[in-house]
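Asker: Build the 3D model from these lines:
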Amino acid sequence: MTSSQPTIALVDDDKIFQLIASRTIRAGNFQGRILTFNNGAEAIVYLEQNADNPDEIPDVIFLDINMPIVDGWAFLEEYIQLKPQLKKPSRIYMVSSSVDNRDISRAQSFEDIREYICKPVTKEKFSEILAVYEEEIDDSRP
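Answerer: Down below sits the predicted model:
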């Protein structure tokens, strides 16, 4: 059972991105929770601690590639191992300033990544992603 209020996680070491993304998402009338993590390690610890509580698992994760401690790629490897224990899957979007085709191809090789998005992310893009999420939730309800 999904919480009535969706949760978004921003996993990015760039505080400016976190602030702008949060404000942009809110400007699109998003009413749920927005969690922020400064690197993949913080996000993995959070997921491990909340694996049994589906209301605490983010519905959508916006994941940066280049971060200290645990980068986006290492996060994905750990997420894949942790995923069977999570009571709810997350929709992961790789968000990066990198336009390197190797990064884009690598991201597309992960089945858990929905899309590779180049920064800056527009209000329209965030709204489009959240609209798709809402449609999927509506379609999954009996």
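Asker: mind listing what's buried in stretch 66-78?
Answerer: Residues of stretch 66-78 classed as buried under the neighbour-count rule (16 or more other CB atoms under 10 Å) are Met67, Val70, Asp71, Gly72, Trp73, Phe75, Leu76, Glu78. For every residue, glycine as well, the C-beta is placed using N, CA and C.
Asker: Report the mean confidence score over the helix ranked longest in the chain.
Answerer: Using DSSP state H, we find that the single longest helix of the chain is helix 123-140. For helix 123-140, mean pLDDT is 85.
Asker: pLDDT, distance to Lys87 and secondary structure added to the buried residues of stretch 66-78, as TSV?
Answerer: Formatted as TSV, the buried residues of stretch 66-78 follow (pLDDT from 0 to 100; distance: CB to CB, whole Å; DSSP: H, G, I helix; E, B strand; the rest coil):
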residue	pLDDT	distance to Lys87	secondary structure
Met67	92	26	coil
Val70	94	22	coil
Asp71	94	26	coil
Gly72	95	23	helix
Trp73	96	25	helix
Phe75	97	19	helix
Leu76	96	19	helix
Glu78	97	17	helix
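Asker: Ile117 and Lys125 touch, don't they?
Answerer: Yes. With contact defined as CB atoms under 8 Å, Ile117 reaches Lys125; the gap is 6.4 Å.
Asker: residues touching the residue positioned nearest the centre of the chain, list them.
Answerer: Of all residues in the chain, the one closest to the mean position by CA atoms, centre = their mean is Ile61, 0.8 Å from it. Shown in contact with Ile61 (CB atoms under 8 Å, 6 or more residues apart in numbering): Ile8, Ala9, Val11, Ala43, Ser90, Arg91, Ile92, Tyr93.
Asker: Secondary structure element for the second one, which one?
Answerer: With the criterion set as DSSP states H and E, the secondary-structure element containing Ala9 is strand 7-11.
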